[in-house]
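Q: Below is the sequence, then the predicted model.
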Amino acid sequence: MSNSTTKPPSSPALRVKALETLLVEKQLVDPKAVDELVDIVENRIGPRNGARVVARAWVDEDYKRRLLHNATSAIAELGYSGGQGEHMVVLENTPSVHNVTVCTLCSCYPWPTLGLPPTWYKSAAYRSRVVLEPREVLKEFELVLPSSTEVRVWDSNAEIRYLVLPMRPEGTEGFSEEQLADLVSRDSMIGVGLALSSPTQSE
Ligand code: FE
């Protein structure tokens, strides 16, 4: 599904990357400190929004229907909208279909629901390999799917940003919406992981 309309990274993005590379090379910043800051945005702030969307869909059938029908407006119902989230599409995982998202040309990513993309999402290796050998790539994320499950790879384009709706884990019938949101990892919403079965389970 790759297409030629996806824009390359913006000039500011390229300049920031060049600056970061230079600062690290000159040993003026510790890459670990940069990673730590990115981790805060990536894992502790951003994906929490997407997790709330998923948890709501798990507990509210009507909401889920709206989400699958018009993701942008359903996500905005929870207050998440804005740049890189103007044209959202939600992909529902089922026992027979597992969805994975990528931007093969650059690093398009749904910022309002997931925050900033992780480094690997932007890597040339992920962007090319997940299309060619998705099952191999998923294995590297320790995700092995039954051969009966079809893997669908979705390539972001100039407008559309995807969010995967992972399957609700078994044994979570009594969970509150907030507890359910704790199970929804960033990776499960990109499609390289599953929702956790307990909040303490590390990724
Ligand atoms: Fe992109």
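A: That came in fine, so what should we check first? Since the model is a prediction, treat every value here as computed from it, not as a measurement.
Q: in the helix or strand where Ala55 lies, what's buried?
A: According to DSSP states H and E, Ala55 maps onto helix 46-59. Within helix 46-59, the residues that count as buried by 16 or more other CB atoms under 10 Å are 46-58. To be clear about C-beta, it is placed using only N, CA and C from the backbone, and glycine gets the same treatment.
Q: repeat for stretch 87-107
A: Result for stretch 87-107 [16+ other CB under 10 Å]: buried residues 88-91, 93, 98-107.
Q: Those residues of this protein touching the ion, which are they?
A: Cys103, Cys106, Cys108 (CB under 5 Å from the ion).
Q: want to throw those residues into a markdown table with distance to Val137?
A: Shown next, in a markdown table, are these (distance: CB to CB, whole Å):
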| residue | distance to Val137 |
| --- | --- |
| Cys103 | 14 |
| Cys106 | 18 |
| Cys108 | 18 |
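Q: Check which helices and strands the lowest-mean-pLDDT helix or strand in the chain sits against.
A: The weakest-scoring helix or strand in the chain, judged by mean pLDDT, DSSP states H and E, is helix 31-39 (a mean of 76). Applying 3 or more CB pairs under 8 Å, 6 or more residues apart in numbering; DSSP states H and E, we find helix 31-39 packed against helix 11-25.
Q: before we move on, back to that, and the least confident of the residues of the chain next to the ion?
A: Lowest pLDDT among those: Cys106, with 90.
Q: could you measure the residue lying closest to that one once chain neighbours are set aside against Ser123, distance?
A: Distance criterion CB to CB, 6 or more residues apart in numbering; nearest residue to Cys106, sequence neighbours excluded, is Pro9 at 5.2 Å. Distance, Pro9 to Ser123, by CB to CB, to the nearest Å: 13 Å.
Q: between these two, who's got more neighbours?
A: Pro9 (15 against 12; other CB atoms under 10 Å).
Q: nearest to the ion, of the buried residues of helix 46-59?
A: Of all the buried residues of helix 46-59, the ion sits closest to Gly46, with 16.8 Å by CB to the ion.
Q: what about stretch 128-143, start to end distance?
A: Stretch 128-143 stretches 18 Å from its first residue to its last (CA to CA, to the nearest Å).
Q: Any buried residues in that stretch, and which?
A: Applying 16+ other CB under 10 Å to stretch 128-143 flags Val130, Val131, Pro134, Val137, Leu138, Phe141, Leu143 as buried.
Q: before we move on, what about stretch 170-186?
A: Neighbour-count burial for stretch 170-186, counted by 16+ other CB under 10 Å, picks out Thr172, Phe175, Leu180, Ala181, Asp182, Leu183, Val184, Ser185, Arg186.
Q: Show the end-to-end separation of it, please.
A: 19 Å.
Q: mean confidence score for whichever helix or strand comes after the helix holding Ala55?
A: Proceeding N to C from helix 46-59, the next assigned helix or strand is helix 61-69, under DSSP H and E. Mean pLDDT, computed over helix 61-69, is 98.
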